[in-house]
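>>> Quick one, structure for this:
(chains A and B)
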Amino acid sequence: MFAVLFPIPNYGLITHFLVIFITQMRDPCPVVLCSPALYERAFDTFLQLAGALMVKLQDITHLLRVAAVFAVGLVLVLVFRSAFIPKSFGRYGHFRGDALAEITARPIVYAGHDTCEGCHPDTAETKSKGVHAHVNCESCHGPLAKHADDPTGIKPQLPGVAHLCIRCHSENIAKPQGFPQVNAKEHSGGQLCNTCHQPHSPGLVQGPRK
Amino acid sequence: MSLTRRQLLVLLPAAAAAWDFVLAGTPEAAPTYNSAEHWWGMLLDITKCIGCGSCVRACELENDVPDGYFRTWVERYHVPDFHIENPLVDSPDGGKEGFSPSEFTGGKNFFVPKFCNHCVDSPCTQVCPVGATFHTPDGVVLVDQNYCVGCRYCIQACPYGCRFFHPNKHVADKCTLCYHRITKGLTTVCCESCPTGARQLADLKNPNDPIHAFLKTHSVQVLKPHLATGAKNFYNGLDGSVR
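Numbers count the residues shown, from 1 in each chain, chains lettered A, B, ... in the order given. As a prediction, this is how the structure comes out:
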């Protein structure tokens, strides 16, 4: 297969034809600059040199073959590269540029407190006066982007205070000193936190419910 | 001028298509976010972290993190007196449901929230053989999950243990610094849900960002600075025992 695609030149045959050609040229050669004997000798030297060159060419045939293989390989690599590497690869760096847009397009699940405060300014007002001013809405209420998109259709569930408050305010030696921590059982005796505390502004004591 | 029924039948759909094109109007304007104008990092204040696990829960919900795997997690450190080199660290379920009271009374105790440091010279990006993990122009390290071959080199390369192998997608997964949120002007979901402000997203290229004032007046440190990864999670009040 390879031999058909890339026939190796027969240098012996080429030399033969070359010699015949030059021999035919000798007799009618119009340029006689020296004696015929010298001319004969010079021509013989030329034939010897030409023959040596042909032999040398014969020796590098294997190199030409390797070069041909590399050339074919290079073409194949270029073809496969253009076929398999995504078009956007390398747009910003050594990665697929379209990936940025794909990752950016992920849906948002937590709407963000600015969105909440847009519709619930009263709660935001209450919250801004208490120690929970910097606790964002979804920190307790959970992800509400769906509710923000469809305020009437999807209603958020009220978080269970017993579990919720304790997660932050249960006593733990690893918590920073000064952070309000309680031992729930001792502190409330089993009552729910929002019996006395308003979650949005817990410093305001509501007074125990009867 | 008269129209045959045949001509009308050909013209009507063409007109409808043209009208549709007119109604569509100009395409939606390109997003105004310019990644060249930002350089994201985060400030983590250990003196404020209460180990409530809000960040872990929020991250799981926002980014669809599989159960038992964590893009962010909280560790509780107990550094016994006279044994600074041997801290006791626990992180039950990544701290997702908070921490039960410590069994220790003495020593030094604190929480350390951890997640991808979005290193400038990140080892994970350097080892990726296919260019599936990369640095964005605004300093976030991301994974192209459609291009990742799942070889796990990056997971081994990360000195902070911030990557995991997604059990369903079979590709590397990690914190994206909520790239889908920060490019829309929102903060990351861990910062959004942190009740004490222990986590604050910082845009280091924005001269008005409060981080610059904070960095001037506080002694902050990054994790494993000797590795020279260029980590961008700046910890305030970081103890030398933290690994």
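
>>> Could I get the contacting residues of residue 140?
Here I'm looking at chain A. Taking Cβ atoms under 8 Å, 6 or more residues apart in numbering or on different chains as the criterion, A:Cys140 is in contact with A:Pro159, A:Leu164, A:Pro199, B:Pro195. In short, each C-beta sits where N, CA and C put it, glycine included.

>>> Oops, wrong one, chain B.
B:Trp40, B:His118, B:Thr176, B:Leu177, B:Tyr179, B:Ile182.

>>> got the phi/psi numbers for it?
The phi/psi pair for B:Val140 (degrees, to the nearest 10) reads phi -110, psi 140.

>>> So for it, what's the nearest residue that isn't a sequence neighbour?
Leaving aside its chain neighbours, B:Val140 sits nearest to B:Leu177 (4.8 Å; criterion: Cβ to Cβ, 6 or more residues apart in numbering or on different chains).

>>> wait, doesn't the one you found sit right on B:His118?
Yes. Taking Cβ atoms under 8 Å as the definition, B:Leu177 is a contact partner of B:His118 at 6.0 Å.

>>> Look up the closest residue to B:His170, ignoring the ones flanking it.
That would be B:Gly150: by Cβ to Cβ, 6+ apart, it lies 4.9 Å from B:His170.

>>> Could you verify that the one you found is part of a strand?
No. Using DSSP: H, G, I helix; E, B strand; the rest coil, the assignment for B:Gly150 is coil, not a strand.

>>> What pLDDT is listed against residue 105?
The chain I'm using is chain A. Looking at A:Ala105, its pLDDT is 94.

>>> that answer is for a different chain, and I need it for chain B
B:Thr105 carries a pLDDT value of 85.

>>> Just want the most central residue of chain B.
Centroid check for chain B by Cα atoms, centre = their mean gives B:Leu177 as the closest residue, at 2.2 Å.

>>> for that residue, helix, strand, or coil?
Going by three-state DSSP: B:Leu177 is coil.

>>> where does it sit relative to B:Trp40, distance-wise?
With distances taken as Cβ to Cβ, to the nearest Å, B:Leu177 is found 6 Å from B:Trp40.

>>> go on, A:Ile60?
Counting by Cβ to Cβ, the separation of A:Ile60 from B:Trp40 is 59 Å.

>>> just A:Gly73 next, same as before
Applying Cβ to Cβ to A:Gly73 and B:Trp40 gives a distance of 43 Å.

>>> re earlier: what is in contact with B:Leu177 and B:His118 at once?
B:Trp40, B:Val140.

>>> just to revisit the earlier point, return the member of the contacts of B:Val140 nearest to B:Ile50.
B:Leu177 (22.5 Å; Cβ to Cβ).

>>> Quick check: buried residues in stretch A:101-109?
By neighbour count with 16 or more other Cβ atoms under 10 Å in any protein chain shown, stretch A:101-109 contains the buried residues A:Ile103, A:Thr104, A:Ile108, A:Val109.

>>> Which residue comes closest to the second one once chain neighbours are left out?
For A:Thr104, the nearest residue in space outside its immediate sequence neighbours is B:Thr183; the separation is 4.9 Å by Cβ to Cβ, 6+ apart.

>>> burial of that neighbour, as a residue count?
22 (other Cβ atoms under 10 Å in any protein chain shown).

>>> I figured it was touching B:Asn34, is that so?
No. Using Cβ under 8 Å, B:Thr183 is not in contact with B:Asn34; the gap is 9.9 Å.

>>> confidence score at residue 186?
If you meant another chain, say so; for now it's chain A. For A:Glu186, pLDDT reads 88.

>>> think we crossed wires, I meant chain B
94.

>>> circling back: neighbour count winner among A:Ile60 and B:Trp40?
More crowded of A:Ile60 and B:Trp40, by other Cβ under 10 Å: B:Trp40, with 22 against 10.

>>> That one - nearest residue in space that isn't next to it in sequence?
Going by Cβ to Cβ, 6+ apart, B:Trp40 has B:Gly139 as its nearest residue, at 5.2 Å.

>>> Hmm, the one you found is touching B:Ala36, no?
No. With contacts counted by Cβ under 8 Å, B:Gly139 stays clear of B:Ala36, the gap being 10.8 Å.

>>> Show me which of the two is the more surrounded one.
Taking neighbours as other Cβ under 10 Å, B:Gly139 and B:Ala36 compare with B:Gly139 leading, 20 against 8.

>>> What pLDDT is listed against the more buried one?
95.

>>> wouldn't B:Gln145 be in contact with B:Asp173 here?
Yes. If you go by Cβ under 8 Å, B:Gln145 and B:Asp173 touch, sitting 7.3 Å apart.

>>> Give the residues shared as contacts by those two.
The contact lists of B:Gln145 and B:Asp173 share B:His166, where a contact means Cβ under 8 Å, 6+ apart.

>>> These two - which one has more neighbours?
Using other Cβ under 10 Å, the more surrounded residue of B:Gln145 and B:Asp173 is B:Asp173, with 23 against 18.

>>> Tell me which residues of whatever helix or strand A:Leu53 lives in come out buried.
Under the criterion DSSP states H and E, the helix or strand holding A:Leu53 is helix A:36-59. Residues of helix A:36-59 classed as buried: A:Met54 (neighbour count, 16+ other Cβ under 10 Å).

>>> after it comes which helix or strand?
Past helix A:36-59, the next helix or strand by DSSP H and E is helix A:61-84.

>>> Redo the buried residues of stretch A:101-109 as a markdown table? Include secondary structure.
Shown next, in a markdown table, are these (three-state DSSP):
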| residue | secondary structure |
| --- | --- |
| A:Ile103 | helix |
| A:Thr104 | helix |
| A:Ile108 | coil |
| A:Val109 | coil |
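
>>> Kindly indicate which of those lies nearest B:Cys128.
Distances from B:Cys128 to the buried residues of stretch A:101-109, taken by Cβ to Cβ, are shortest for A:Ile103, at 15.8 Å.

>>> Give the residue spans of the chain that score low on pLDDT.
You didn't say which chain, so I picked chain A. Chain A contains residues with pLDDT under 70 at A:1-34, A:204-210.

>>> that's the other chain; I wanted chain B
When residues are selected by pLDDT under 70, those of chain B lie in B:1, B:21-31.

>>> so where does residue 154 fall, helix or strand?
Using chain A. Counting by DSSP H and E, A:Ile154 is found in no helix or strand.

>>> actually it's chain B I care about, not the one you picked
helix B:153-157.

>>> Direction included, what does the helix or strand following that helix pair against?
Helices and strands here follow DSSP H and E; after helix B:153-157, the next one along the chain is strand B:164-165. As defined by DSSP bridges, the strand partners of strand B:164-165 come to strand B:172-173 (antiparallel).
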